[in-house]
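Enquirer: Sequence first, then the predicted structure:
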2 protein chains.
Amino acid sequence: MNTLPDDDIANVMRALGHPVRLSILRILAAQGASDCCCTDVIQCLPLAQSTVSQHIKVLLDAGLVERHPKGTRNCYALRGDRLAEIGAAWSGLITGLTNPQPAQYAAQKELS
Amino acid sequence: MNTLPDDDIANVMRALGHPVRLSILRILAAQGASDCCCTDVIQCLPLAQSTVSQHIKVLLDAGLVERHPKGTRNCYALRGDRLAEIGAAWSGLITGLTNPQPAQYAAQKELS
DNA sequence: TTCTTCTATCGGTCCAAGACGATGAATACC
DNA sequence: GGTATTCATCGTCTTGGACCGATAGAAGAA
């Protein structure tokens, strides 16, 4: 049910834990598939290019977006597969919390 | 659909973005409703009491847990209502990202 | 009252994150 | 070739997070 270890979940949550990065995801979603380059994102945000690039890197490292080099520019797109995977892990987390099984935390404890 | 503003979502995600805090939520879930005090949590984790107390405070501030003072000890429990609310917001976020509506980001931009 | 237990908070240290400007590499264009 | 554009990365600075020990206050026990 919950296919991702806690460290991975925490990584993704931390990547999502910044309003600017949520905005970037929305921008990528609004612009459609694989046709949104870094400049497009920068023009939607009141931040320096280097800052936006750094936020995108965080999303890349978390596996939430993917990069498609296109000539002199880099296009970004959401990773639908990963979003689905994270959605499943999230459901598992919520289910596990609201319908707890006594043995569950013991297993979790062993992992960390 | 998505009932929480991005800042709130980011706050919750940040609170969830640490393995220890995920562990604390699981501990609270495993111990059942409103009968888990701070010491119980501390004994499950290899951290100092002050550190655990601080993590719990983050979860409190994010609205993920609630405190029930009981004599000399404080009991904590998950806030099921808030978990449901956040689950709904998460679903809305994922849905919005995977089935984007062009006007969506414009509305989002206005908020921040 | 005095002692113990529980736990929030304070002060301090250390490291990571967020923001910026500057630089440099890659590609496209003239 | 030379120039412009795009963008990742580097160095720096500031802020915030994570962790700890110490402290203090509240409630129960002796």
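Expert: Thanks, I have the structure now. Numbering: from 1, shown residues only, chains lettered A, B, ... in the order given.
Enquirer: can the host helix or strand of A:K57 be found next to DNA strand D?
Expert: Assigned by DSSP states H and E, A:K57 belongs to helix A:49-61. Yes - using C-beta under 7 Å from any atom of the strand, a contact is recorded between helix A:49-61 and DNA strand D, made by A:Q49, A:S50, A:S53, A:Q54, A:I56, A:K57. Quick note: C-beta positions are derived from backbone N, CA and C, even for glycine.
Enquirer: neighbouring strands for the helix or strand just after that helix, and are they parallel or not?
Expert: Note on helix A:49-61: by DSSP H and E, the next helix or strand toward the C-terminus is strand A:65-70. When pairing is defined by DSSP bridges, strand A:65-70 lines up against strand A:73-78 (antiparallel).
Enquirer: Could you list the buried residues of whichever helix or strand comes after the partner strand?
Expert: Toward the C-terminus, strand A:73-78 is succeeded by helix A:80-98 as the next helix or strand (DSSP H and E). Of the residues in helix A:80-98, A:L83, A:E85, A:I86, A:G87, A:A89, A:W90, A:L93, A:I94, A:G96, A:L97 count as buried by neighbour count, 16 or more other C-beta atoms under 10 Å in any protein chain shown.
Enquirer: and the gap between the fourth one and DNA strand C?
Expert: Translated: A:G87. 22 Å (C-beta to the nearest atom of the strand, to the nearest Å).
Enquirer: Ok, the third one next?
Expert: Shown here: A:I86 relative to DNA strand C, a distance of 18 Å by C-beta to the nearest atom of the strand.
Enquirer: Surely that residue and A:L4 touch.
Expert: Yes - A:I86 is within contact range of A:L4, at 7.4 Å (criterion: C-beta atoms under 8 Å).
Enquirer: Mind listing the shared neighbours of the two?
Expert: Taking C-beta atoms under 8 Å, 6 or more residues apart in numbering or on different chains as the criterion, A:I86 and A:L4 both touch A:V12.
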